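1. Give me the fold of what follows.
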Amino acid sequence: MREVLKIAGPDLILRVYPGETVTVSEGESAKFTIVAEPERFTPKKVELILEKGGKIILSELMEKKDNKFEKLLEITPVETVEKFVLKVIADDTLKRERTITVKVKPKIRIIETSTVAKEHLGFRLLEIRKISTREVLETIRRETLLFNLKGKISGKIYCRVDEGRLTLDVDDTPVSVGVQAALELTEYGLERKIPEEFKISLEDQRVTEALLTPLSKLNGKVTFVLEGEE
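-> Next up is the predicted model:
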């Protein structure tokens, strides 16, 4: 029985750094380093071709460095997402290609509003500010989704008991604990005041369909700080 020895032919290894998808901010350009590494042959030249929508937008020779060919590509996107076909051709015969993608980060805006609505679905809820009445605290306690929000609450409340006064300073306390403690304090006296408005700072909370209903019960009574895409 004869053993047949298979000899591999020439090959061209194509690598794209830092990856085939690069995300940039608006106005920035995306940078790709293209490396073509010949194996088992020594080409005289390696051409780089960049296409978009079937049209060639760039055709240049790559620079030889040691046994590799390299090219730095810099692309300034004009759309939110752009895809390009990248081809490298060695000596007009051996070809390899990849699809590279440039994405533009959406602009982020911070808004303050006294009303949350469906248009805010998907926005990040950063803070609930200007909580200035016992009634608002009671609403938060009554609404389970609000009471169990993952975040911290700060503020100050006091009530008079006969000739004395009970004061509670809440400083970066879990929402449920801070709200419950503040309301329990008010049960001991008749005159209740919030000299320092309460504020809830959220960790990573999105405005969802489920959360929108209880949040809307605070409309016109507090200030919401939201983060969303333009």
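
2. E191 and L202, how far apart?
-> 31 Å (CB to CB, to the nearest Å). For every residue, glycine as well, the C-beta is placed using N, CA and C.

3. between those two, who's got more neighbours?
-> Of the pair E191 and L202, L202 is the one with more neighbours under other CB atoms under 10 Å, namely 17 against 10.

4. So the more buried one versus E39, what's the distance?
-> From L202 across to E39, the span is 54 Å (CB to CB).

5. Same question for G9.
-> Relative to E39, G9 is positioned 9 Å away (CB to CB).

6. Common neighbours of the two, please.
-> Shared contacts of G9 and E39 (CB atoms under 8 Å, 6 or more residues apart in numbering): none.

7. which residues touch V104?
-> Contacts of V104 (CB under 8 Å, 6+ apart): 23-26, 77, 79-81.

8. For burial, what's the neighbour tally of the nearest residue to S25 once chain neighbours are set aside?
-> Distances taken as CB to CB, 6 or more residues apart in numbering place K105 nearest to S25, at 5.2 Å, with adjacent residues excluded. By the criterion of other CB under 10 Å, K105 has 12 neighbours.

9. tell me what the longest strand along the chain is packed against?
-> Looking across the chain with DSSP state E, the single longest strand is strand 192-206. Counting contacts by 3 or more CB pairs under 8 Å, 6 or more residues apart in numbering; DSSP states H and E, strand 192-206 packs against strand 124-131, helix 134-142, strand 151-161, helix 175-186.

10. and those as a markdown table, adding mean neighbour count, mean pLDDT and distance to D91?
-> Converted to a markdown table, the helices and strands packed on strand 192-206 look like this (neighbours: other CB atoms under 10 Å; pLDDT from 0 to 100; distance: least, CB to CB, whole Å):
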| stretch | mean neighbour count | mean pLDDT | distance to D91 |
| --- | --- | --- | --- |
| strand 124-131 | 20 | 98 | 53 |
| helix 134-142 | 17 | 96 | 72 |
| strand 151-161 | 19 | 94 | 62 |
| helix 175-186 | 18 | 95 | 67 |
